[in-house]
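Trainee: Could you work out the structure for the sequence below:
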Amino acid sequence: MIVGIDFGMHREFIDVSEALGERIEQLQTEFLGWLYNKEIDHKYWIYKDGEKWGVNYNGSAFVEWLNINVSEKLVLLEGDQYISTKTINF
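Mentor: Here you go, the predicted model:
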């Protein structure tokens, strides 16, 4: 299943199993909870005056999180020629 990851100004795509595709919105919610949890240190934090201020990420951050937490070996698909079966918006 091709899933579009829509960031408003651009889209990225991943190819996931049907089972994972059915849970993609739930997994997106879990990812965002992890991403914005200030108790968790990760490379996507932007610091201002030494404090966690915001995040800077793209589809590869979601793919990395899925690979660690769901144990799939996913990669972002190259190019924009794909037609997604499902789209999630960030």
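Trainee: List the buried residues in the helix or strand containing Trp34.
Mentor: Following DSSP states H and E, one finds Trp34 within helix 24-35. By neighbour count on 16 or more other Cβ atoms under 10 Å, the buried set for helix 24-35 is 24, 27-28, 31, 35. No exception for glycine: its C-beta is placed from N, CA and C like everyone else's.
Trainee: Show me what secondary structure element comes after that helix.
Mentor: With DSSP H and E, the next secondary element past helix 24-35 is strand 45-48.
Trainee: With distance to Glu78 as extra columns, can I get the buried residues of helix 24-35 in a markdown table?
Mentor: Shown next, in a markdown table, are the buried residues of helix 24-35 (distance: Cβ to Cβ, whole Å):
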| residue | distance to Glu78 |
| --- | --- |
| Ile24 | 20 |
| Leu27 | 22 |
| Gln28 | 22 |
| Phe31 | 22 |
| Leu35 | 24 |
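Trainee: From those, pick the one nearest Asp6.
Mentor: Gln28 (11.1 Å; Cβ to Cβ).
Trainee: Where does the residue lying closest to the closest one once chain neighbours are set aside sit: helix, strand or coil?
Mentor: Distance criterion Cβ to Cβ, 6 or more residues apart in numbering; nearest residue to Gln28, sequence neighbours excluded, is Ile88 at 5.0 Å. Secondary structure assignment for Ile88 (DSSP: H, G, I helix; E, B strand; the rest coil): strand.
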